[in-house]
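Asks: Prediction below, plus the sequence it came from.
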Amino acid sequence: MNEVKNILLVGVGGQGVLTASEILSEALMLEGFDVKKAEVHGMSQRGGSVNSHLRYGQKVYSPLIEEGKADIIFSFELVEAMRFSKYLKEGGFIVCSNEKIVPNSVYFGTVKYPKDPAAVLKEAFGKSFYLIDAVKIAEELGNIRFANVVLLGTVSHLMKISDKSMKDAIGNMVPEKTVEGNLKAFQRGKELAG
Amino acid sequence: MKKLLSGNEAVARGFYENGGRVAVAYPGTPSTEILENMVQYKEKINSQWSPNEKVALEVGIGSSFGGARTLVAMKHVGVNVAADPLLTVTYSGIKGGFVLVSADDPGMHSSQNEQDNRYYAKFAKMPLLEPSDSGEAKDFVGLALEISEKYDTPVLLRTTTRISHTKTVVELKEREEHDGLLGFEKNPSKYVMVPANARKRHPTVEERSIKLTELAETIDVNRVEMNKKEIGVITSGIAYQYVKEAFPEASVLKLGMSFPLPINKIRAFAEAVETLYVVEELEPFIEEMIKAEGIPVIGKEVIPRCGELNVEIVRRALSPEKEEPLTTEKVDEKSLPSRPPVLCPGCPHRGVFYTLNKLKAVVTGDIGCYTLGVQPPLSAMDSTIAMGASIGVNIGLEKALGIDFSRQSVAVIGDSTFMHSGVTGLMDAVYNKGSNTILILDNRITAMTGRQENPGTGYTLMGEETREVDLEALARAIGVEHVRKVDSYDLKALKDVIREEMDRPEVSVVITYNPCMLIRRKKFDIKKYRVNEDKCINCGICLKVGCPAVVKNEDETKSHIVESLCTGCSVCAQVCPKDAIELV
């Protein structure tokens, strides 16, 4: 049967959402899947909402994930996880970095940044919601840029993507001298998935 | 070898594999990465950015007349700029294979309209190919070049954002050379489109259209995927993927070549299925031609004209009765703050729009990163229509409302947009004795599309150093007497100079300068600012510069600067009434 899996990556421009999606899609291709990865880019601005649709299976047609169909929402920021949570299917997971980025719009509009978005997500999604202190772990490992790979460790473990493909993909995509640190970060993220 | 390629990467690869020689473009989302990816093949392919799409297309025409396989790429609205040469080169025909890539933007992710450029194929009388994924995008470039040379016609390859920016798995091949046509031979009756020659070419074009229709009937990219007969769908481009996913059991006629239309094939397909649909994004381009033949078909009665399609829209449109209810939202989306794209921290445009807001100016705007100046809190843009339009619109407002109005008004245009199509507007202002004030926001790059070189940057697409356009000298040469340059991070100077020039009853040009902070080849001296909490009175004025680095602290009692984002541009520090923002 042609089962297609869906990963929706979301976050804020500048956080590395598209790079993470690039690594995941590369790993999935190495696994032998048909892969489609859709995003909108071309704008240089930092700070806007960013998303990347990643689908894989034996044969993938549409590059876009439907609402209520994502197996995983992989978020780099708490409010963005909330914004896209309608894409999650029953039984899917949200893996979210414990980061808040407050947009300037809150100071001029009527809508405020939620007081405790992590609590809202926990309440709504219970055990399907993985809150990861990715930045803290990356700091422990000596480079805050490793944060995304910590998250990738958790996500790839939940998606049962083989270590070999993930490590090959990371090796292909990150600068050579950071490979070792990135692989450590990957391992830490994997352990968090339990 | 298999590789994940975006549609844009695949187009570049396809051009390389099929003996491409010359590639030309002006950057525009979602087409930009085609030429950016062409540079890796610079041993074989001569690639360049032109100042605008019209010039790009003309360079392409010359290259093709010289017998080289040629590709010209642009976004949908760019084809409007290039339409003049396009509608005549379809008369003259070509020599070396000529493919025009139009990257359309349904849903307007980064565009001012969502026009459907397939109509250009019909309008200009050229064949149209619509790939459905990156693999086809690559293959169709080769097919387009072949058709072009065989039928002596430019070919339109039309992609959309979801093709251009979606990566799919592609099988790579080696390059094949196609240099047999290289060389220019004089042939005025073909290349010189004076009326006498063009009159002779027109019937040739009509004969070519008949032959191309025959081709469309037999070409393998127009294929029937026969399945159950209850539903038959005619579709093309990305819509094919949505149809296949929503209705795996439907019969499908996939049109890889959607103009001219294979009417006989369509008629046979219509007779073989019970209910016939056309599923196409945006306009009823295919549908209208089928209906004109008297073949019953359902299209825009159920498929929306506006915006992008997706699987859900197609499924609901074709089988409304079966649809399950939408999942309930567990999080109230309306309770969340919006996060639109914003000017980056350190963006040299920020101070200009802050100043224009304070001056309460009427701002005729243009297309680029700086169009974001329309958003709160900067809120300083009052019109945006097309590339270069800021100056013409400004002149028109003055013609209608007089010089007193003009004193309150400025035109704002970026360096790249000015060279694209603002120069002619400036000539108009001088020639017709305007009193307009034109701000050229010179950030030394074509920024919005991802930082591309242009005639003002001193570098070519291929990475070679070159001469720079001197904007100040250019404005003076046009006849502008009052040309002033201002440091775009100096708020006081900005305000004084802009005010003075707005008051002046003659045309003036104010060039605000500082490079985009994201230019890769430049080194920036990054400083950091912080808020001295003892001095901060939480007045919120610094938040009004709209910088992502300036926020409030956790309990919202003081302003706070996110150190990792701050570039030290000092704009927030300049607006603080208490001097509470200090260098770290």
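Replies: Cool, got the structure.

Asks: Give me the secondary structure label for the spatially most central residue of chain A.
Replies: The structure's chain A has its C-alpha centroid closest to A:Phe74; by CA atoms, centre = their mean the separation is 3.0 Å. Each residue gets one of three states, and A:Phe74 gets strand by DSSP: H, G, I helix; E, B strand; the rest coil.

Asks: do the same with B:Gly294
Replies: Three states are possible here, and by three-state DSSP the one that applies to B:Gly294 is coil.

Asks: Compute the distance between it and B:Arg267, please.
Replies: Applying CB to CB, to the nearest Å, the value for B:Gly294 to B:Arg267 is 9 Å. For every residue, glycine as well, the C-beta is placed using N, CA and C.

Asks: more neighbours, those two?
Replies: Neighbour count, other CB atoms under 10 Å in any protein chain shown: between B:Gly294 and B:Arg267, B:Arg267 has more, with 14 against 7.

Asks: quick revisit: report the beta-bridge partners for the residue nearest to the centre of chain A.
Replies: Beta-bridge pairing of A:Phe74 under DSSP bridges involves A:Leu9, A:Val95.

Asks: which residues touch it?
Replies: Contact partners of A:Phe74, counting by CB atoms under 8 Å, 6 or more residues apart in numbering or on different chains, are A:7-10, A:20, A:95, A:151, A:155.

Asks: B:Glu293 too?
Replies: With contacts defined as CB under 8 Å, 6+ apart, the neighbours of B:Glu293 are B:263, B:266-267.

Asks: Could you rerun that using 7 Å?
Replies: With contact set as CB atoms under 7 Å, 6 or more residues apart in numbering or on different chains, B:Glu293 has these partners: B:Ile263.

Asks: Just the pLDDT at it, thanks.
Replies: Listed pLDDT for B:Glu293 reads 98.

Asks: The one 4 residues further on too?
Replies: You'll see B:Val297 listed with a pLDDT of 98.

Asks: Touching, it and B:Met289? I think so.
Replies: No - B:Val297 is not in contact with B:Met289 according to CB atoms under 7 Å; the separation is 10.3 Å.

Asks: near chain A, which residues of the stretch 451-584 of chain B?
Replies: Among all residues of the stretch 451-584 of chain B, those adjacent to chain A (criterion: CB under 7 Å from any CB of the partner chain) are B:451, B:518, B:540, B:543, B:546, B:548, B:551.

Asks: my guess is the first one meets B:Met517, correct?
Replies: No - under the contact definition of CB under 7 Å, B:Arg451 does not touch B:Met517, with a separation of 10.3 Å.

Asks: Residue 10: what's it in contact with?
Replies: Picked chain A for this. For A:Val10, counting by CB under 7 Å, 6+ apart, the contacting residues are A:17, A:50-51, A:73, A:75, A:80-81, A:84.

Asks: Wait, chain B was what I had in mind.
Replies: With the criterion set at CB under 7 Å, 6+ apart, B:Ala10 makes contact with B:134, B:137-138, B:170.

Asks: Which one of these is nearest to chain A?
Replies: Sorting those by how near they are to chain A, with CB to the nearest CB, puts B:Ser134 at the top with 9.0 Å.

Asks: Just want the phi and psi numbers for that closest one.
Replies: The phi and psi values for B:Ser134, taken as degrees, to the nearest 10, are phi -70, psi -40.

Asks: likewise B:Asn80?
Replies: For B:Asn80, the backbone dihedrals (degrees, to the nearest 10) come out as phi -60, psi -40.

Asks: so A:Lys89 sits right up against A:Glu67, yeah?
Replies: No - at 9.3 Å, A:Lys89 and A:Glu67 do not qualify as touching, with contact defined as CB under 7 Å.

Asks: what about chain A, any weak spots by pLDDT?
Replies: Chain A contains residues with pLDDT under 70 at A:1, A:42-45.

Asks: So which residues of it form strands?
Replies: Listed in chain order, the strands of chain A (DSSP state E) span residues A:5-12, A:34-39, A:49-57, A:70-75, A:88-97, A:129-132.

Asks: Point out the one among those that comes closest to B:Asn532.
Replies: Across those, B:Asn532 has its closest neighbour in strand A:5-12 (27.6 Å, CB to CB).

Asks: Now do that closest one against strand A:49-57: the angle between them, please.
Replies: Here strand A:5-12 runs at 170 degrees with respect to strand A:49-57, directions being taken by axes from the mean of the first three to the mean of the last three CA atoms, to 10 degrees.

Asks: Setting aside sequence neighbours, what's the nearest residue to B:Ala68?
Replies: Closest residue to B:Ala68 in three dimensions, ignoring its sequence neighbours and counting by CB to CB, 6 or more residues apart in numbering or on different chains: B:Arg21, at 3.6 Å.

Asks: which outside residues touch stretch B:408-422?
Replies: Contacts of stretch B:408-422 (CB under 7 Å, 6+ apart): B:26, B:51-52, B:356, B:361-368, B:370, B:387-388, B:390-391, B:394, B:397, B:436-444, B:446, B:454-456, B:469, B:471, B:498, B:502.

Asks: go on, stretch A:133-149?
Replies: With CB under 7 Å, 6+ apart as the test, stretch A:133-149 has contacts from A:16, A:19-20, A:97-99, A:150-151, A:170, A:181-182, A:184-186, A:188-189.

Asks: Kindly format the C-alpha coordinates of it as CSV.
Replies: Listed next in CSV are the C-alpha coordinates belonging to stretch A:133-149 (Å, rounded to 0.1, in the frame of the first residue of the first chain):
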residue,chain,number,x,y,z
ASP,A,133,15.0,22.6,25.3
ALA,A,134,17.0,22.5,22.1
VAL,A,135,18.8,25.8,22.6
LYS,A,136,19.8,24.9,26.1
ILE,A,137,21.2,21.5,25.0
ALA,A,138,23.0,23.1,22.1
GLU,A,139,24.6,25.6,24.5
GLU,A,140,25.7,22.7,26.6
LEU,A,141,27.3,21.2,23.5
GLY,A,142,29.1,24.4,22.9
ASN,A,143,27.3,25.9,19.8
ILE,A,144,23.7,27.2,19.7
ARG,A,145,23.6,26.4,16.0
PHE,A,146,23.3,22.7,16.9
ALA,A,147,19.8,23.3,18.3
ASN,A,148,18.1,22.3,15.0
VAL,A,149,20.0,19.1,14.9
